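Peer 1: sequence plus the predicted model coming up.
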Amino acid sequence: MATEKIAQAAALLVQARRTMTPIAGLPEACRPASVTEAHAIQDATTTALAKPVAAFKASMPPNAEPNRGLIYAGTVHPTPASIPAAAVPDCGVEGEVAFIFRRDFPARAQPYTRDEVAAAVDALAAIEVVDSRYIDRTKVTNLENLADSVSNGAFVHAAPVADWRGLDLGNLPVRLTVNGETVLQREGGHPTGDPLGVAVALVNMMREGPGVHAGQFVTCGTFTGLRFLKPGDVCGVAFEGLGAAEVTFAR
């Protein structure tokens with residue numbers, strides 16, 4: 001995709017973010033046709049917004065190319081968090097295992113290993129808040145959603161846990177609550193069963209560009225599915241051994 005087409009797509013997403021007015025989708029002429037193009041639109045959007053990247057959401061779909069979304073400073077909150085529902089109108093929530101990086105992973109030619117990443121991260125419970133710049137995220141292509149940083153609205157995290165190596169992260173018991181009532185309780189549920197593997201994939205995606213920096217987070221896929229709540233609701237997620245996170249969608 002030509003640079004001007006990437007800029008055109010980014011300009012539409014920037015306007016949607018700034019005005020809080022969702023769009024129907026990206027015009028065909030500037031619609032991404034690959035993960036690389038969708039990432040380029042993310043990056044151009046970030047440059048135009050002049051927002052620092054505080055976290056990532058990453059995915060490693062089976063038999064498909066890994067991908068990532070960007071989460072901006074100002075939308076990353078320690079638990080318990082109160083976020084105006086008007087700022088994230090979809091009020092979507094996903095309970096996830098995430099990591100915080102304790103050292104930089106700069107650009108380099110050689111892939112980073114699982115052991116290198118594991119030695120430099122703490123694990124934590126998190127809620128990804130889902131919100132889209134599209135009127136209906138189910139009516140645009142997966143790559144359009146990827147260009148929109150996979151519909152990220154905010155990220156709420158528990159305190160990091162340094163001693164996580166003995167935990168089976170992909171199969172942790174998890175409980176999701178809404179307004180104090182349990183709406184889901186089970187063991188595991190992660191799409192690949194390997195949240196750390198997703199973090200490794202993220203580091204290796206970013207090593208071909210700006211790299212990953214100490215203090216940034218990566219959230220690695222939902223254990224609880226996507227649920228849409230409403231203004232005034234309080235959502236909590238608790239992972240055995242990793243603590244709990246809570247978000248209120250303030251009216």
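Peer 2: In hand now; what should we look at? Numbering: from 1, shown residues only.

Peer 1: helices of this structure, start to end?
Peer 2: 3-19, 35-49, 114-118, 142-147, 195-206 (DSSP state H).

Peer 1: let's have those in CSV, adding distance to residue 26 and mean pLDDT.
Peer 2: C-betas here are computed from N, CA, C, even on glycine. Shown next, in CSV, are these (distance: least, C-beta to C-beta, whole Å; pLDDT from 0 to 100):
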stretch, distance to residue 26, mean pLDDT
helix 3-19, 5, 97
helix 35-49, 8, 97
helix 114-118, 33, 98
helix 142-147, 5, 98
helix 195-206, 22, 98
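
Peer 1: right, and those - which one's nearest residue 187?
Peer 2: Closest to residue 187 of these, according to C-beta to C-beta: helix 195-206, at 14.2 Å.

Peer 1: and the closest one, which residues are buried?
Peer 2: 195-206 (16 or more other C-beta atoms under 10 Å).

Peer 1: can you pull the buried residues of stretch 33-53?
Peer 2: Buried-residue list, stretch 33-53, by 16+ other C-beta under 10 Å: 35, 37-46, 48, 51, 53.

Peer 1: could you do stretch 23-35 as well?
Peer 2: 23, 25-26, 30-32, 35.

Peer 1: against residue 120, how distant is the residue lying closest to residue 213 once chain neighbours are set aside?
Peer 2: Excluding its sequence neighbours, the residue lying closest to residue 213 (C-beta to C-beta, 6 or more residues apart in numbering) is residue 104, at 5.3 Å. Taking C-beta to C-beta, to the nearest Å as the measure, residue 104 and residue 120 are separated by 9 Å.

Peer 1: rewinding a little: what sits against the residue nearest to residue 213?
Peer 2: The contact partners of residue 104, by C-beta atoms under 8 Å, 6 or more residues apart in numbering, come to 211-214.

Peer 1: ok, for the residue nearest to the spatial centre of the chain, nearest residue in space, not its chain neighbours?
Peer 2: Ranked by distance to the mean C-alpha position of the chain (C-alpha atoms, centre = their mean), the top residue is residue 57 at 2.8 Å. Spatial nearest neighbour of residue 57, chain neighbours left out: residue 69 (4.3 Å); criterion: C-beta to C-beta, 6+ apart.

Peer 1: wait, doesn't that neighbour sit right on residue 152?
Peer 2: Yes: with contacts counted by C-beta atoms under 8 Å, residue 69 reaches residue 152, the gap being 5.2 Å.
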